[in-house]
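Trainee: here's a sequence, model it:
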Amino acid sequence: GEADQRERLAPSSSAATGLGEPLQAAAPGGASLCALIMPTMAVAKPEAARHTVQRALRWIGFGALIVVSAALVSFAVAVTTASPITELGAFQALPPYFEVNADTLTTRRGEIADCPCPFLRTAYVQGLIEPSPMGYMALNSTYALTDWAGMARSVFPKEKMMQHFGTSGVPVTHLASTRSFHSGIFESGITGDEKRRRMDVLLSFASNDGSFGPAELQVAVDHYCDMYGGTSQQMEEVRRLMALTLTVFGHAKGSVHRALWPLSNVLSKDDLEALWLREEWPKGWLDRRRVEWAPFTEIDVFVGIRTALMQGAQATEPASSTNDSFAPWPGNYIDDPTYPQPRGVGGEEPPSSAEIEAGVPGGKLSLFDSRMGGVQPTLMHKGGQSFPDPIPEEYWQPAWKEYEDDSAGAVAWSYVGASFAVVTIALFCVCLCQAQGCCRGQEKDVVEP
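Mentor: Okay, here's the model as predicted:
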């Protein structure tokens, strides 16, 4: 039966082959009659384009879902472990410590003996700081406060802050200035009229529309550096702090909101008066405030850019050295075998050892407490060297060691986060390749043979 079937099919195949030319000739337009009769046999049926696009979109959506999930996990890891001594989030529920009214504001202003930082002064007066009896604030709480305000952590490196305040904390009400040139507005013992006059000098460097950008701030820095003979290192420190102030408190011209382009933000005269004179937050700042949530964010980037812009506008050459520098008060040399003894400031009696032990978290006054030292002629310091080079390690090394121990887990998590990011990028690339392959597959299906 099979042999007979093959015999019957063979003539049919040969006949179809032999009739190819006559059928093609008979077909209109010279087309093959076989193609006209059975068009579905000419090409394989392609997959519908709709289904191919849907498959490509599914791959892209899957990759986007991976990226979003990775971003959320990375954010959580960064906030939790980026800085072990930062209490981000915990600080939000604490301030203010009292009802802000005229009486409490006046009382707090009178409690500040020395503090050259307008931000810390304002935070203390406005009730965001509740210091110890000796006016100290723990370093971890200080970082929590600066994170809350959106201060760039790169401006306050951990090791330097530990050297200054790791053992004791930050002496908010007795913080000594470490630079020989400044505006003089925060000097203790000056009258209100004199403070107003010095403030007007600072405001005179504003632009014609009354605003301060990087160029105007640099002109002010140049003026005070020339007046007091500041060094290049001191100028760089002041320039970076002013760039930070502009980044944190800046806003669009004529508005209390941030500009769409961040580098166009400026400070107004009223902003500086609020921080330098009235110990108040600039108008609208609490609403536009941004939180510093990681060791390096866009806040640090814009501080660096504005610092570079200010440096480009520098028009004066700072001194190579200065006759005045920060040093312990005479007799309080840091290389003495005993810890330096404080002295009274502004008519105050020097605190006793019992008061220091009870009123300072670390039991010792910071070497940057105004009762311990201040800006003075360098020659008064033993050996003619400016303080604090070097700071004895026994004063700050225990706190730094504790910080390093706490940082070990954060460092390990940072490596985990970096590895997680690399894997996420790889998976997203795979998803894109799969989506592109789907589209290429569709193109191949519709090509005519």
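
Trainee: where does the prediction get shaky in the stretch 301-449 of the chain?
Mentor: Along the stretch 301-449 of the chain, the parts satisfying pLDDT under 70 run over 330-340, 378-392, 394-395, 403-418, 438-449.

Trainee: can you show me the strands along it?
Mentor: In the stretch 301-449 of the chain, the strands defined using DSSP state E, counting those that start in this stretch lie at 324-328, 373-377.

Trainee: which of those is buried the deepest?
Mentor: Here the criterion is mean neighbour count by mean count of other Cβ atoms under 10 Å, and of these the winner is strand 324-328, at a mean of 22. The way it works is simple: take the backbone N, C-alpha and C, and place the C-beta from them, glycine included.

Trainee: how far does it sit from the chain's center?
Mentor: Mean-position distance between strand 324-328 and its chain equals 31 Å (Cα atoms, centre = their mean, to the nearest Å).

Trainee: repeat for stretch 200-216
Mentor: Taking mean C-alpha positions (Cα atoms, centre = their mean), stretch 200-216 and its chain are 26 Å apart.

Trainee: residues making contact with it?
Mentor: Here stretch 200-216 makes contact (Cβ atoms under 8 Å, 6 or more residues apart in numbering) with 183, 185, 217, 219-220, 223, 243, 246, 253, 266-269, 272-273, 276, 306, 309-310, 313.

Trainee: from those residues, which land in strands?
Mentor: Of the contacts of stretch 200-216, the ones assigned to strands by DSSP state E are 267-268.

Trainee: just the buried members of the contacts of stretch 200-216?
Mentor: Neighbour-count burial within the contacts of stretch 200-216 applies to 183, 185, 217, 219-220, 223, 243, 246, 266-269, 272-273, 276, 306, 309-310, 313; the criterion is 16 or more other Cβ atoms under 10 Å.

Trainee: which ones among those lie within helices?
Mentor: Residues of those located in helices (DSSP state H): 217, 219-220, 223, 243, 246, 269, 272-273, 306, 309-310.

Trainee: out of those residues, which comes closest to residue 262?
Mentor: For these, the closest approach to residue 262 (Cβ to Cβ) belongs to residue 306, at 9.5 Å.

Trainee: which residues touch the nearest residue to that closest one once chain neighbours are set aside?
Mentor: Using Cβ to Cβ, 6 or more residues apart in numbering and skipping residues adjacent in sequence, the residue nearest residue 306 is residue 243, 3.9 Å away. Contact analysis of residue 243 by Cβ under 8 Å, 6+ apart lists 214, 217, 303, 306-307, 310.

Trainee: one more time with 10 Å, if that's ok
Mentor: Taking Cβ atoms under 10 Å, 6 or more residues apart in numbering, we find residue 243 in contact with 152, 155, 214, 217-218, 250, 302-311.

Trainee: taking these, please make a ChimeraX selection of just the buried ones.
Mentor: The following ChimeraX line selects those of the contacts of residue 243 that are buried, judged by 16+ other Cβ under 10 Å:
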select :152,155,214,217,218,250,302,303,304,306,307,309,310
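
Trainee: out of the contacts of residue 243, which one sits closest to residue 401?
Mentor: residue 155 (24.0 Å).

Trainee: next, format the ones in helices among the buried ones among the contacts of stretch 200-216 as JSON lines and append distance to residue 69.
Mentor: What follows is these, written out as JSON lines (distance: Cβ to Cβ, whole Å):
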{"residue": "217", "distance to residue 69": "42"}
{"residue": "219", "distance to residue 69": "49"}
{"residue": "220", "distance to residue 69": "48"}
{"residue": "223", "distance to residue 69": "53"}
{"residue": "243", "distance to residue 69": "36"}
{"residue": "246", "distance to residue 69": "36"}
{"residue": "269", "distance to residue 69": "47"}
{"residue": "272", "distance to residue 69": "44"}
{"residue": "273", "distance to residue 69": "47"}
{"residue": "306", "distance to residue 69": "35"}
{"residue": "309", "distance to residue 69": "38"}
{"residue": "310", "distance to residue 69": "41"}
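
Trainee: max pairwise distance over these: which two?
Mentor: Between any two of these, the greatest separation by Cβ to Cβ is 23.8 Å, found for 273 and 309.

Trainee: and of the strands of the stretch 301-449 of the chain, who's closest to residue 437?
Mentor: Nearest to residue 437, of those and by Cβ to Cβ, is strand 324-328 at 65.8 Å.

Trainee: now for that closest one, which elements pack on it?
Mentor: strand 373-377 (3 or more Cβ pairs under 10 Å, 6 or more residues apart in numbering; DSSP states H and E).

Trainee: could I get the CA-only coordinates of the strand it packs on as CSV?
Mentor: What follows is strand 373-377, C-alpha atoms only, in CSV (Å, rounded to 0.1, in the frame of the first residue of the first chain):
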residue,chain,number,x,y,z
GLY,A,373,41.7,80.3,74.5
GLY,A,374,41.1,82.8,71.7
VAL,A,375,42.6,84.8,69.0
GLN,A,376,45.8,86.6,70.3
PRO,A,377,49.3,87.4,69.1
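
Trainee: how far off strand 324-328 does it point, in degrees?
Mentor: 140 degrees (axes from the mean of the first three to the mean of the last three Cα atoms, to 10 degrees).

Trainee: which neighbours does strand 373-377 have in its sheet, and in what orientation?
Mentor: Strand pairing for strand 373-377, determined by DSSP bridges: strand 324-328 (antiparallel).

Trainee: would you confirm that residue 68 belongs to a helix?
Mentor: Yes. Counting by DSSP: H, G, I helix; E, B strand; the rest coil, one finds residue 68 located in a helix.

Trainee: about what we covered before: any idea how far the residue nearest to residue 306 is from residue 250?
Mentor: Separation of residue 243 from residue 250 (Cβ to Cβ, to the nearest Å): 10 Å.

Trainee: which neighbours do the two share?
Mentor: Common neighbours of residue 243 and residue 250, counting by Cβ under 10 Å, 6+ apart, are 302, 306.

Trainee: can you give me the strands for the stretch 151-300 of the chain?
Mentor: In the stretch 151-300 of the chain, the strands defined using DSSP E, counting those that start in this stretch lie at 170-171, 211-212, 267-268.

Trainee: which stretch in the ones you listed is the model least sure about?
Mentor: Across these, strand 170-171 has the smallest mean pLDDT, namely a mean of 94.
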